[in-house]
Structure formats: C-alpha cells, structure tokens
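> sequence unknown, structure follows:
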C-alpha cells in the first residue's frame with residue numbers, strides 16, 4: 001500500500017483499497033443494485049395483487065402473486081449474498097491496512113516511535129481501521145437506496161404525479177438535512193479520538209512505569225492525571241454521542257414525516273377519486289420503502305465523519321518519513337572489519353571487542369549496526385559503507401541489542417523465539433550463554449509460562465537475561481551489544497560475560513559497556529576518544 005495518500009486521506013485510502021478488491025466490489029455493487037430494484041418493485045406488485053384480487057380473474061392474480069414471490073426471492077438472495085461478500089471485503093481490507101501499518105513500523109521503527117506513541121498505533125489498528133474499511137460498503141448501499149428510490153418514483157409518477165413530486169422534493173431535502181445535522185460530528189469525533197489516544201498513551205506509560213512510580217511515590221499524581229484525561233475524554237464522547245443521537249433520531253423522524261405526508265396526500269387523492277383505492281395501498285407500501293434512503297443517508301453521514309477522522313490517523317502513520325536505503329549488494333562479508341568513521345573505532349572481525357564509550361552509547365551502537373546511518377560519515381564494512389549492502393541481508397547478518405529492548409507478551413518460548421525457527425539445542429545454548437537457564441527453570445510452566453508485555457511479570461534482571469538470550473539466539477555473524485548486563489549483580493555479570501565470550505568465539509562481537517567483567521574476557525578493548533585498540 002502506498003504511503004503517499006495524505007491529500008484527501010479518506011478518498012485516496014478508499015480508492016487504493018477498492019483497487020485491490022475491484023471484482024468483489026463490482027459483484028457487490030451489482031447485487032446491491034439488483035436487490036434494491038427488486039425490493040423497490042414490491043409495493044407495485046402488492047398493489048397489483050390487491051387490484052387483481054378485486055377486479056381481475058384468478059389468472060392475473062396468480063401471475064402477480066408469482067411475480068411478487070420472485071421479486072421477494074431475488075431480494076432475499078441478493079441481500080444474503082451481498083452481506084457475505086461485504087464481510088469478506090471488510091476483513092481483507094482491514095487485514096491489508098493493518099499489514100501496511102505493521103510493515104511501516106518494521107521498516108522504520110525509530111521514525112514511527114518518534115512520531116507516534118505505541119498506544120496511538122494500537123488505537124489506530126484496533127479502532128480506526130474498522131471505520132475506514134466499512135466506508136466503501138456504506139457508500140455503495142447509499143447509491144443502491146437512491147436507485148431504489150428512483151424505481152419507486154418512476155412507477156408512482158405513472159399513478160400520481162403529485163405524490164411523486166412530494167417524494168422527489170421530500171427525500172432529497174431530508175437527506176440534505178441529515179448531512180447538515182452530521183456536520184459538527186466530524187470535528188467532535190476528531191477531538192474525542194485525540195483524547196482517546198492520549199488516555200491510551202497515559203495508560204501504557206503508567207503500566208510500563210508502575211514500579212518506578214511506586215518507588216518515587218508518584219502514583220497519586222499519575223492517578224490524578226489519568227482521572228482528568230479520562231474525564232475530558234468522557235465529555236468529548238458525550239458530545240459525540242449527542243450528535244450521533246440527533247442523527248439517529250433524524251434518520252427515523254424525517255422518514256416518518258415523509259411517510260405521513262405521502263399517506264395523507266394519497267388518502268386525499270383516493271377520497272377525491274383521483275386514484276383507485278388499491279393505489280393507496282401501493283402508496284403506503286412505497287412510502288414505507290422510502291424510509292430506507294433517508295435512514296441510510298443518516299447512517300452514511302455519521303460513518304463518513306468517523307471514517308474521515310480514522311483515515312487521517314491511519315495516513316499520519318503511513319506517511320511518516322522513512323530513510324531510503326539504497327544498497328543492493330549481497331552477501332554481507334562476515335570476515336571483514338567494521339569501521340565507524342565518526343569515532344574512528346575499528347571492530348576486528350571474528351573477535352570479542354569491548355568499547356568503552358565516552359558518548360551516547362545507544363546512538364553509537366545503532367550506527368555500528370546500520371540502524372542510524374549518517375550518509376556523509378558512514379560506517380564501513382569491508383571498506384564499503386553499510387548503505388551499499390542489501391538491507392534484508394544486512395539485518396540477517398548484523399544484530400543490535402540495545403540497553404532497553406522491546407519485549408512483547410506471550411509465552412517465554414514466543415518471547416525468546418518469535419519466529420519459531422530455532423531448535424531446542426540452539427535455544428538452550430542461547431539461554432546458557434545469557435545466564436537465563438535458571439530464569440526459565442523458575443517459571444511455573446517453564447517455556448510455556450506467559451510473560452506480560454515488556455516483561456512486567458518478571459524482575460528486571462530476569463527480563464534483561466531473557467532479551468539477551470533472544471539476541472544471542474541464531475548466532476548472528478555480527479552482534480552489537482549495548483550495556484547488556486546493567487541489571488545483574490556483579491557475580492552474575494562476570495559469569496554471563498565469560499559465557500558470552502565462549503559462546504561467541506570466532507564471530508564478530510562488539511560490547512559497548514563500561515563493565516569490567518567484559519573487559520576481562522575481551523580480545524580487544526577499544527575507546528572512542530582514540531578509536532584504536534588499547
């Protein structure tokens with residue numbers, strides 16, 4: 001899915017989704033139009049059946065009844081079939097949008113994290129996607145209801161021009177009124193959606209930092225902030241609900257007014273002899289059908305407002321600028337030195353090097369792993385900039401482990417091996433090297449124990465060893481570790497450093513840390529201010 005759809009987000013997003021579902025949407029449209037036309041002829045056939053029963057013979061009555069039955073059958077079949085197709089279209093479109101958002105986050109995690117809170121992304125995926133994917137179906141239903149109104153107007157014009165004039169004036173007028181009633185809805189929904197996202201962000205921050213808040217004694221302050229944010233969101237939600245309620249009432253009240261007017265006018269015409277009494281039945285049935293375009297328009301107006309807000313939120317994520325990676329070279333040379341031209345640090349191939357930093361360790365580590373490249377002063381691998389190599393091949397070869405890595409919820413096995421590609425032997429080797437074997441042994445159900453998001457159900461030291469084991473799993477050719485043992489006690493840290501040195505023997509490993517435990521087992525110790533071996 002293209003991300004450059006910020007101009008008129010809803011129209012362009014729907015157009016792109018509709019292009020992928022061209023045939024199913026065409027089939028749905030044909031069924032919706034056929035069903036609307038069939039349903040619109042029911043009032044005419046009801047009146048014709050009554051007229052045949054009163055004035056004509058059994059043959060004509062049987063013909064009209066059979067016609068009525070056929071039309072009803074067509075309406076039922078098309079209605080069921082189109083609802084099935086609509087559900088499938090919405091499911092596929094929703095999956096496509098969610099996949100596009102996930103791919104965006106995977107391609108540009110740093111840019112997405114800097115522009116959108118993870119709770120905001122989650123709200124977009126769970127809340128906004130459904131509204132956008134429902135919009136194309138609602139639009140087709142509105143068109144079908146208008147076509148049905150045109151069919152009704154056509155045969156009513158043949159019976160009575162005055163009633164037809166009332167319908168042709170009343171229905172568009174009431175549809176216009178519903179759009180005017182819905183005008184404030186979009187602004188109010190946008191405000192409510194904005195506050196809802198802030199509450200989600202605040203909830204996520206509180207959940208992730210609950211231990212710190214308790215340690216600082218600041219839980220009451222955060223509770224007050226959360227209560228205020230929730231109250232503001234509730235007030236905005238009430239305003240949205242008020243507008244939606246008014247729109248709902250108009251979707252029922254306005255058609256009722258139209259129904260009353262048509263029946264009253266039809267009754268007057270029947271009493272004056274201008275139309276037959278059986279035609280009055282047709283008018284009544286037709287006016288009841290004409291409730292559909294107005295109520296459909298009311299529902300469409302409300303959905304369009306929410307879909308516009310939702311599309312804007314989706315496009316804001318899809319249009320987050322991301323770095324364009326130009327490289328195509330493959331395979332990646334694993335026996336070559338890694339050189340950072342910013343600091344002059346050279347990481348020798350096949351050795352365990354420890355870098356004692358004097359700058360931002362995260363920035364340095366990400367740069368060496370190819371995650372934060374400077375185009376003017378690049379990092380070199382085998383004498384060539386990292387940006388010359390194919391990105392997918394580079395990610396398979398070079399792995400980065402930050403001081404604060406993400407841990408998703410799931411079983412311990414899913415946390416350690418999200419792709420499920422590694423066997424038990426490789427898993428046990430990584431756990432041993434990270435000193436995490438005892439962590440798994442102490443869990444109630446071992447590898448099948450559920451771990452909360454961000455490792456909230458385990459201690460800080462246990463969490464750090466689990467994510468370290470995840471980084472060691474699969475034995476990447478080049479591994480950059482940034483402060484991997486800050487949450488461990490001195491004895492455990494020394495043991496983990498020794499095991500990592502043994503586990504990574506013969507492969508390029510850079511540990512950016514001030515820890516003496518790693519310096520003791522390193523093949524070489526580097527310093528950023530010199531950029532040479534010490």
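Noted; the coordinates are in hand. Only a predicted model underlies this, so the values are computations on that prediction, with no experimental measurement involved.
> So which residues of this structure form strands?
For the chain, strands defined by DSSP state E occupy the ranges 338-340, 346-347, 352-356, 379-381, 384-385, 398-401, 410-411, 450-451, 478-482, 508-512, 524-527.
> Buried deepest among those, which one?
Greatest average neighbour count among those goes to strand 508-512 (a mean of 27), per mean count of other C-beta atoms under 10 Å. Every residue, glycine included, has its C-beta placed from N, CA and C.
> coming back round to it: dump the strands of the chain to TSV, plus distance to residue 145.
Below are those laid out as TSV (distance: least, C-beta to C-beta, whole Å):
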stretch	distance to residue 145
strand 338-340	65
strand 346-347	67
strand 352-356	68
strand 379-381	61
strand 384-385	60
strand 398-401	55
strand 410-411	46
strand 450-451	49
strand 478-482	60
strand 508-512	64
strand 524-527	72
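> wait, which of those is closest to residue 422?
Ranking the strands of the chain by distance to residue 422, with C-beta to C-beta as the measure, places strand 398-401 first at 13.6 Å.
> Neighbouring strands - and their directions - for the closest one?
The pairing partners recorded for strand 398-401 under DSSP bridges are strand 478-482 (parallel).
> what angle separates the partner strand from strand 508-512?
Counting by axes from the mean of the first three to the mean of the last three C-alpha atoms, to 10 degrees, strand 478-482 lies at 10 degrees to strand 508-512.
> Average pLDDT for strand 478-482, rounded please.
Mean pLDDT, computed over strand 478-482, is 93.
> who touches the spatially most central residue of the chain in this structure?
By C-alpha atoms, centre = their mean, the chain has its centre lying nearest to residue 125, at 2.2 Å. Counting by C-beta atoms under 8 Å, 6 or more residues apart in numbering, residue 125 touches 98, 101.
> tell me the pLDDT at it?
82.
> Okay, residue 193 and residue 127: tell me how far apart.
Distance from residue 193 to residue 127, counting by C-beta to C-beta, to the nearest Å: 8 Å.
> between those two, who's got more neighbours?
Under the criterion of other C-beta atoms under 10 Å, the comparison of residue 193 against residue 127 puts residue 193 first, with 24 against 16.
> How many residues are close by the closest residue to that one other than its chain neighbours?
In this structure, residue 193 finds its nearest non-sequential neighbour in residue 309, 5.3 Å apart by C-beta to C-beta, 6 or more residues apart in numbering. When counting by other C-beta under 10 Å, one arrives at 24 neighbours for residue 309.
> isn't residue 309 right up against residue 189?
Yes - contact criterion C-beta atoms under 8 Å: residue 309 and residue 189 qualify, at 4.9 Å.
> hmm, back to that, identify whichever of the strands of the chain lies nearest to residue 146.
Set against residue 146 and scored by C-beta to C-beta, these come closest in strand 410-411, at 49.0 Å.
> and stretch 99-116, what's its mean pLDDT?
If you average the pLDDT over stretch 99-116, you get 77.
> Same check on stretch 183-195?
The average pLDDT within stretch 183-195 is 74.
> What are the buried residues along it?
By neighbour count with 16 or more other C-beta atoms under 10 Å, stretch 183-195 contains the buried residues 185-186, 188-193, 195.
> Check the offset of that stretch from the chain's centre.
Here stretch 183-195 is found 19 Å from its chain centre; the criterion is C-alpha atoms, centre = their mean, to the nearest Å.
> which residues sit in contact with residue 133?
Residue 133 sits next to 17, 89-90, 93-94, 97 when contact means C-beta under 8 Å, 6+ apart.
> hmm, 10 Å instead?
The contact partners of residue 133, taken as C-beta atoms under 10 Å, 6 or more residues apart in numbering, are 13-14, 17, 21, 89-98, 307, 310.
> Distance-wise, check it relative to residue 29.
16 Å.
> what does residue 43 give?
Distance of residue 43 to residue 29, computed by C-beta to C-beta: 24 Å.
> Which one's more surrounded, these two?
With neighbours defined as other C-beta under 10 Å, residue 43 and residue 29 compare such that residue 43 has more, 23 against 19.
> pretty sure residue 240 is touching residue 189, no?
Yes - using C-beta atoms under 10 Å, residue 240 is in contact with residue 189, at 5.5 Å.
> shared neighbours of the two, which are they?
Shared contacts of residue 240 and residue 189, counting by C-beta under 10 Å, 6+ apart, come down to 302, 305-306.
> lowest-confidence helix or strand of this structure?
helix 210-216 (a mean of 58; mean pLDDT, DSSP states H and E).
> hang on, the earlier thing: just the buried residues of stretch 183-195 now: which is nearest residue 258?
Nearest member of these to residue 258, counting by C-beta to C-beta, is residue 185, at 22.6 Å.
> Could you report the distance from the closest residue in space to that closest one that isn't next to it in sequence to residue 227?
Using C-beta to C-beta, 6+ apart and skipping residues adjacent in sequence, the residue nearest residue 185 is residue 305, 4.2 Å away. Note on residue 305: its distance to residue 227, by C-beta to C-beta, is 29 Å.
> Which residue of these two possesses the greater neighbour count?
Neighbour totals were compared for residue 305 and residue 227, and residue 305 leads with 25 against 10 (other C-beta under 10 Å).
> Contact partners for the more buried one?
Shown in contact with residue 305 (C-beta under 10 Å, 6+ apart): 131, 179, 182-190, 240, 243-244, 247.
> roughly how far apart are residue 179 and residue 426?
Residue 179 is 61 Å from residue 426, by C-beta to C-beta.
> Ignoring the adjacent residues along the chain, who's closest to residue 20?
Using C-beta to C-beta, 6+ apart, the nearest residue to residue 20 is residue 96, at 6.6 Å.
> Tell me how many other residues crowd that neighbour.
By the criterion of other C-beta under 10 Å, residue 96 has 17 neighbours.
> what are the ranges of the helices in the stretch 1-150 of the chain?
For the stretch 1-150 of the chain, the helices defined by DSSP state H, counting those that start in this stretch cover 9-20, 22-40, 42-55, 58-107, 109-115, 118-123, 129-159.
> Relative to residue 421, which of the ones you listed is closest?
Among the helices of the stretch 1-150 of the chain, helix 58-107 comes nearest to residue 421, with 16.8 Å by C-beta to C-beta.
> Summarise which helices and strands the closest one is packed against.
Identification of packing neighbours for helix 58-107 by 3 or more C-beta pairs under 10 Å, 6 or more residues apart in numbering; DSSP states H and E yields helix 9-20, helix 22-40, helix 42-55, helix 109-115, helix 118-123, helix 129-159, helix 291-318.
> how far does that helix sit from the chain's center?
How far helix 58-107 lies from its chain's middle: 24 Å, per C-alpha atoms, centre = their mean.
> and the residue nearest to the centre of the chain, how far is that from residue 480?
For residue 125, the distance to residue 480 - C-beta to C-beta - is 30 Å.
> max-length helix in this structure?
What stands out as the longest helix in the chain, according to DSSP state H, is helix 219-271.
> Compute the inter-axis angle for that one and helix 129-159.
Helix 219-271 and helix 129-159 meet at an angle of 10 degrees, taking the same axes, to 10 degrees as the criterion.
> so for helix 219-271, what's the average pLDDT?
In this model, helix 219-271 has a mean pLDDT of 77.
> Kindly report the same for stretch 338-358.
Rounded mean pLDDT across stretch 338-358 is 88.
> Just the terminal-to-terminal distance for it.
19 Å (C-alpha to C-alpha, to the nearest Å).
> and it, how far out from the chain's middle?
Per C-alpha atoms, centre = their mean, the centroid offset for stretch 338-358 relative to its chain is 40 Å.
> joint contacts of residue 193 and residue 127?
With C-beta under 10 Å, 6+ apart as the test, residue 193 and residue 127 both reach 306, 310, 313.
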